[in-house]
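S.K.: Give me coordinates for this.
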Amino acid sequence: MNDSWQRIFLVRHGHVAYFDTENKPVNPKYASLSPQGVEQIRLLVESIKDIPFARIYSSTMPRSIQTAEILTQYQPSKEIIAVDAIREIKSGRLREVPADKAQVELKEAYLLQTNQLKHFVQGESWETFNRRVIEWFEQVVLSNPSHQNILISSHDVVNRILINWMFDQHLADIYAQEQDYGCLNILDIQVKDNRIFRKRIKLQNFTIYDPLKTKSFNSAMDDVYDVYVNNNGFQG
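M.R.: Model (predicted):
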């Protein structure tokens with residue numbers, strides 16, 4: 001009988017400037033960590049530097065890879081496995097969102113079940129995104145079912161989907177599963193007889209640079225909505 005627990009250290013990348021000095025969107029495919037984001041991850045790595053990781057994953061996006069590189073600086077093996085399955089969800093063009101739909105499509109984008117949203121900001125479908133993230137994650141957990149620590153450097157919505165999976169929620173709202181820049185989640189997953197048997201969350205959305213969230217209030221899409229309003233002169 002195979003019966004073991006795996007511990008997943010799930011990190012959101014550090015701060016990224018998604019808009020330039022003129023509030024114009026930066027292509028998220030190429031966005032990298034800001035100096036603030038680098039410092040956030042440097043603080044985090046000091047708290048986990050003595051934990052050995054059997055495997056280290058990142059998405060294929062630069063900010064995720066940068067985060068993983070900082071997090072592995074104390075590891076004997078610095079091999080990072082970059083996978084496309086956990087790249088951030090792809091949105092449509094912000095400027096093409098109609099003003100009368102901005103509240104629902106942007107500010108309330110994470111209320112996908114409540115608002116019956118099939119796509120994220122007129123881009124990738126939630127069904128496709130959910131499937132690619134969860135299928136990859138379950139394969140990782142089951143591929144080597146032994147006592148080990150796994151580090152994953154990922155993204156806001158990817159992490160929210162994985163936390164919902166911990167609660168057995170499929171295509172449910174992810175608004176409540178907040179993921180601040182540079183946050184750490186710790187997920188324990190029990191594998192028994194080659195299947196996922198039990199799941200538990202030991203830590204969620206912990207930010208070592210602001211543990212009591214005194215400097216963090218807005219959700220990620222609140223900030224996107226605010227930029228949209230400023231650029232379009234729209235009040236809603």
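
S.K.: list the helices and strands the longest helix anywhere in the chain packs on?
M.R.: Looking across the chain with DSSP state H, the single longest helix is helix 126-143. With contacts defined as 3 or more CB pairs under 8 Å, 6 or more residues apart in numbering; DSSP states H and E, helix 126-143 has these neighbours: helix 156-166, strand 184-192, strand 195-206. Quick note: C-beta positions are derived from backbone N, CA and C, even for glycine.

S.K.: Tabulate the ones you listed (TSV), appending mean neighbour count.
M.R.: Listed next are the helices and strands packed on helix 126-143 as TSV, based on neighbours: other CB atoms under 10 Å:
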stretch	mean neighbour count
helix 156-166	22
strand 184-192	19
strand 195-206	14
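
S.K.: All the strands of this structure, residue numbers only.
M.R.: All strands of the chain, identified by DSSP state E, fall at 3-12, 55-59, 81-83, 148-154, 184-192, 195-206.

S.K.: so how far is residue 176 from the residue nearest to residue 52 when sequence neighbours are not counted?
M.R.: Taking CB to CB, 6 or more residues apart in numbering, and ignoring the residues beside it in sequence, residue 52 has residue 149 as its nearest neighbour in space, at 6.4 Å. Separation of residue 149 from residue 176 (CB to CB, to the nearest Å) stands at 27 Å.

S.K.: Among these two, which residue is more densely surrounded?
M.R.: Shown here are residue 149 and residue 176; by other CB atoms under 10 Å, residue 149 has more neighbours (16 against 12).

S.K.: Which residues are in contact with that one?
M.R.: Residues in contact with residue 149 (CB atoms under 8 Å, 6 or more residues apart in numbering) are 6-9, 51-54.

S.K.: which among those residues gets closest to residue 196?
M.R.: residue 6 (9.6 Å; CB to CB).
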